[in-house]
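A.B. asks: any chance you can model this:
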Amino acid sequence: MTARAVLAALSLSMATGALADEQARNADEIFHYSVMDALRNGVYQGALSVKDVVSVGDFGLGTFNNLDGELVGLDGVIYRIAPDGKVAAAEADRKIPFGSFTFFKADKSTSLNTTGSFDDLHQQLLDVLPSRNHLYAIRITGTFPEVVAGGSHRVADDEKTPLAEILKTRPQYSAKDVKGTVVGYYSPPYVGGIDLAPFHLHFISDDKTFGGHILSMTLTGGELQLSLDQKKGLDISLPHESPQFLQPWKSDGTARKGY
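C.D. replies: Numbers count the residues shown, from 1 in each chain. As a prediction, the model looks like this:
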């Protein structure tokens, strides 16, 4: 082999290695399209499509353009919980104004104490986190005695009403003794403008007939298994093509209480 061929092979090897390192890094990050403060302040349209999501994660949550349903991503499938509560795989060309996605690979698994309320679950999760300063993807599976989930009604293209006002009349769905999966994230307080902190959790039933943004739940009598995937960082893509994103908005402690 000539010196030139050796150098070419070495360059190819280095490039391939760099690509592999980049892919591994991306797989261990959370990809955010837009930020929660934008959604809170009326940025309800984006350009990320469902078919784009497969390259950034197989697990996640969010909503769809014009708030037309809640989003749950599980095992590589993006589901849409429509305003009427029906669940179906989302169309490949459907657009997303806000979402967070990752490739889920559990670093830690444990059973949960199945007594108490949704607030008790939050505390259990905080207690089991290896560190409250890291980011975690959270997956909880099992039978849930009761889950109350929220959805969203589709809004007009020119809607500018803040999210908190819109969601005062959001649709709600409930189910008892439901087998399913909690899909979500833990974010430290310093991430509060990017995603809900400390927790943003959605739900989807095993039979894919029920789901949404979790509003409350009862744990007593359930059998739940928790898996945590610690993440190394965030990769944020902003919806620069959205005119609403160019407008000033409120971003302070009051705005970050959740939705």
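A.B. asks: list the contacts for residue 172?
C.D. replies: Residues near residue 172 by C-beta atoms under 8 Å, 6 or more residues apart in numbering: 148, 149, 150, 151, 215. The way it works is simple: take the backbone N, C-alpha and C, and place the C-beta from them, glycine included.
A.B. asks: bridging residues for the most centrally placed residue in the chain?
C.D. replies: Among the residues of the chain, the one closest to the centroid is residue 61, at 2.9 Å (C-alpha atoms, centre = their mean). Beta-bridge pairing of residue 61, defined through DSSP bridges, involves residue 72, residue 100.
A.B. asks: parallel or antiparallel, list what pairs with the host helix or strand of residue 177.
C.D. replies: Under the criterion DSSP states H and E, the helix or strand holding residue 177 is strand 172-186. Strand 172-186 has its sheet partners listed here by DSSP bridges as strand 135-150 (antiparallel), strand 199-205 (antiparallel).
A.B. asks: distance between the shortest one and the chain's centre?
C.D. replies: On the basis of C-alpha atoms, centre = their mean, to the nearest Å, the separation between the geometric centre of strand 199-205 and that of its chain is 8 Å.
A.B. asks: next secondary structure element downstream of that strand?
C.D. replies: Past strand 199-205, further along toward the C-terminus, the next helix or strand under DSSP H and E is strand 211-218.
A.B. asks: for the record, mean pLDDT for that following strand?
C.D. replies: Predicted confidence along strand 211-218 averages 96 (mean pLDDT).
A.B. asks: kindly export that strand (C-alpha atoms) in PDB.
C.D. replies: Output of strand 211-218 as PDB, limited to C-alpha atoms (Å, rounded to 0.1, in the frame of the first residue of the first chain):
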ATOM      1  CA  GLY A 211     -53.400   8.600  26.800                       C
ATOM      2  CA  GLY A 212     -52.400  12.200  27.200                       C
ATOM      3  CA  HIS A 213     -50.600  14.600  29.400                       C
ATOM      4  CA  ILE A 214     -50.800  13.200  33.000                       C
ATOM      5  CA  LEU A 215     -52.800  15.500  35.300                       C
ATOM      6  CA  SER A 216     -53.300  13.100  38.200                       C
ATOM      7  CA  MET A 217     -53.100   9.500  39.100                       C
ATOM      8  CA  THR A 218     -53.700   7.000  41.900                       C
END
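A.B. asks: and the angle from it to strand 135-150?
C.D. replies: The directions of strand 211-218 and strand 135-150 differ by 90 degrees, with axes from the mean of the first three to the mean of the last three C-alpha atoms, to 10 degrees as the criterion.
A.B. asks: helices and strands around strand 211-218, which ones?
C.D. replies: Applying 3 or more C-beta pairs under 8 Å, 6 or more residues apart in numbering; DSSP states H and E, one finds that strand 211-218 contacts strand 70-74, strand 77-81, helix 118-128, strand 135-150, strand 172-186, strand 199-205.
A.B. asks: how near is residue 246 to residue 178?
C.D. replies: Shown here: residue 246 relative to residue 178, a distance of 42 Å by C-beta to C-beta, to the nearest Å.
A.B. asks: which one of the two is surrounded by more residues?
C.D. replies: Per other C-beta atoms under 10 Å, whichever of residue 246 and residue 178 has more neighbours is residue 178, with 23 against 10.
A.B. asks: and that one, how far is that from residue 57?
C.D. replies: When distance is defined by C-beta to C-beta, residue 178 is 25 Å away from residue 57.
A.B. asks: for the stretch 101-250 of the chain, give me the ranges with low pLDDT.
C.D. replies: Counting by pLDDT under 70, the stretch 101-250 of the chain shows no low-confidence range.
A.B. asks: quick check: which element contains residue 32?
C.D. replies: Using DSSP H and E, residue 32 sits within strand 29-33.
A.B. asks: just checking, next helix/strand downstream of that strand?
C.D. replies: As the chain continues past strand 29-33, the following element, by DSSP H and E, is helix 36-40.
A.B. asks: list the helices and strands that next one packs on?
C.D. replies: Under the contact definition 3+ C-beta pairs under 8 Å, 6+ apart, helix 36-40 sits against strand 98-102, helix 163-166.
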